[in-house]
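S.K.: Structure, please.
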Amino acid sequence: MFRNIPIITKNLLIINVLVFLLSMVVQIGGKSLTDWGALHFFMASDFHLYQFITYQFLHGGFTHLFFNMFALWMFGCVIENVWGPKKFIFYYIFCGIGAGLCQELVQFISFAAEGLTSMDPGQMLNVNGQRLMTVDQVMNLSSTIGASGSVYGILLAFGMTFPNERIFIFPLPVPIKAKWFVMIYAGIELFSAMSSVGDGVAHMAHIGGMLFGFLLIVYWRKHPNSYFNVDATRQFFDRWSRSNRSSDTSRTSQTRWNTTTTRPHVEDDMEYNARKKARQEEVDRILDKIRVSGYDSLSKEEKQRLFEASHER
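M.R.: Numbers count the residues shown, from 1 in each chain. Purely as a prediction, here's the structure:
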């Protein structure tokens, strides 16, 4: 079964487990791996930019790790098979960073309400009437770890990609459509964020992962001809540069080179739209087959077509 897991999801599972094991034994300069890699408040002395990445691979215990990895395996396999590895890993990391940014914002609001952000970092405070700590030490106490933000983003992607897919979720006795499951889960997290302050769970980071995932999916859907690939950034700036040099960007036909001759083949809008529609119908048929029978039911040709579609522009 493990060998059937797509490459990025498989590697994410392995890396998270390995980092969890290392975090229990490795120390660097007297600090644990968790102390180094956890996402600290951006005004604290222990904060580093790389923590927006490293915090996503650290977990506070076996239960924390297990549920995150189970959800990643359950939903990540499907999304990666549909999107392809490059688009999937970009989305995963993007949601994790977005979750971290939301958590930083929540911490800033909390510290600002207490007046800490305007104090000198070296100023001494009486904490709970028991010990004296500097403002910086108090800020360093707040840190975030876990892949939950990315996993919640994957959950949202599943709900938006297969909104009417019915899934069984314990303890519900009946299956529920994915779109309703995602909405209910988001509502629970939002309610918990407002009512469970101090419970040790970064609820707003979960919401942040879903929010950033939603924004990215909406962007991709509004640009259906710009499939994610390694050249996407360069293509964006190329298009932006051309649009600034010339305002005449409209064309009634598109010229594509025939690979077997040196003469250009002119394809009008009707031919292009017909070919694009036929290609999309084929992909939709393959996705419907995945929803009904699973990814393993696809033929070799269907898997190849799905892979090619995820890399087309």
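
S.K.: so where do the strands sit in the stretch 101-250 of the chain?
M.R.: Taking DSSP state E, counting those that start in this stretch as the criterion, the stretch 101-250 of the chain contains strands spanning 124-127, 131-134, 143-144, 166-167, 176-177.

S.K.: Between those strands, which one is closest to Ile97.
M.R.: Shortest distance between Ile97 and the strands of the stretch 101-250 of the chain, using C-beta to C-beta, is found for strand 143-144: 12.0 Å. Placement of C-beta: from N, CA and C, glycine included.

S.K.: Now do the closest one, average pLDDT.
M.R.: Mean per-residue pLDDT for strand 143-144: 92.

S.K.: ok, Val182 - contacts?
M.R.: When contacts are counted by C-beta atoms under 8 Å, 6 or more residues apart in numbering, Val182 is found next to 155-156, 158-160, 210.

S.K.: and the strands of the stretch 101-250 of the chain, which is most packed in?
M.R.: Mean neighbour count (mean count of other C-beta atoms under 10 Å) peaks for strand 143-144 among the strands of the stretch 101-250 of the chain, with a mean of 23.

S.K.: Which elements pack onto that one?
M.R.: Judged by 3 or more C-beta pairs under 8 Å, 6 or more residues apart in numbering; DSSP states H and E, strand 143-144 is in contact with strand 39-40.

S.K.: for the contacts of Val182, which one is nearest Phe47?
M.R.: Looking across these and measuring by C-beta to C-beta, the closest to Phe47 is Met210, at 24.3 Å.

S.K.: With Ile7 as the reference, measure out to that closest one.
M.R.: 25 Å (C-beta to C-beta, to the nearest Å).

S.K.: Mind checking which of those two has more residues around it?
M.R.: Met210 (27 against 11; other C-beta atoms under 10 Å).

S.K.: ok, which stretches of the stretch 151-300 of the chain are helices?
M.R.: For the stretch 151-300 of the chain, applying DSSP state H, counting those that start in this stretch gives helices covering 178-195, 203-222, 232-245, 269-293, 300-311.

S.K.: Looking at the ones you listed, which is nearest to Lys86?
M.R.: Of all those, helix 300-311 sits nearest to Lys86, with 7.7 Å by C-beta to C-beta.

S.K.: May I have that closest one as CSV, with CA atoms only?
M.R.: The C-alpha coordinates for helix 300-311 follow below in CSV (Å, rounded to 0.1, in the frame of the first residue of the first chain):
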residue,chain,number,x,y,z
LYS,A,300,-1.9,3.4,-17.8
GLU,A,301,-3.0,5.7,-20.6
GLU,A,302,-5.5,7.4,-18.3
LYS,A,303,-2.9,8.0,-15.6
GLN,A,304,-0.5,9.4,-18.2
ARG,A,305,-3.3,11.7,-19.6
LEU,A,306,-4.1,13.0,-16.1
PHE,A,307,-0.4,13.6,-15.4
GLU,A,308,0.0,15.5,-18.7
ALA,A,309,-3.1,17.6,-18.0
SER,A,310,-1.6,18.7,-14.6
HIS,A,311,1.4,20.1,-16.4
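
S.K.: of all the contacts of Val182, which two lie farthest apart?
M.R.: Greatest spacing in those, by C-beta to C-beta: Phe158 and Met210 (11.4 Å).

S.K.: what's the longest helix belonging to the chain packed up against?
M.R.: Scanning the chain for the longest helix, with DSSP state H as the assignment, gives helix 85-113. With contacts taken as 3+ C-beta pairs under 8 Å, 6+ apart, helix 85-113 sits against helix 7-23, strand 39-40, helix 51-54, helix 62-83, helix 148-161, helix 203-222.

S.K.: okay, the ones you listed, which one's buried deepest?
M.R.: Buried most deeply of the helices and strands packed on helix 85-113, by mean count of other C-beta under 10 Å, is strand 39-40, with a mean of 28.

S.K.: chain center to that strand: distance?
M.R.: 18 Å (C-alpha atoms, centre = their mean, to the nearest Å).

S.K.: Could you do stretch 81-92 as well?
M.R.: 9 Å.

S.K.: so where is the stretch 151-300 of the chain shaky, pLDDT-wise?
M.R.: 170-172, 193, 195-200, 225-272, 291-296 (pLDDT under 70).

S.K.: circling back: using a markdown table, lay out the contacts of Val182 together with distance to Met183.
M.R.: Shown next, in a markdown table, are the contacts of Val182 (distance: C-beta to C-beta, whole Å):
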| residue | distance to Met183 |
| --- | --- |
| Leu155 | 11 |
| Leu156 | 10 |
| Phe158 | 13 |
| Gly159 | 8 |
| Met160 | 11 |
| Met210 | 10 |
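
S.K.: If we only consider the residues you listed, which is nearest to Ser192?
M.R.: Of all those, Ser192 sits closest to Met210, with 13.5 Å by C-beta to C-beta.
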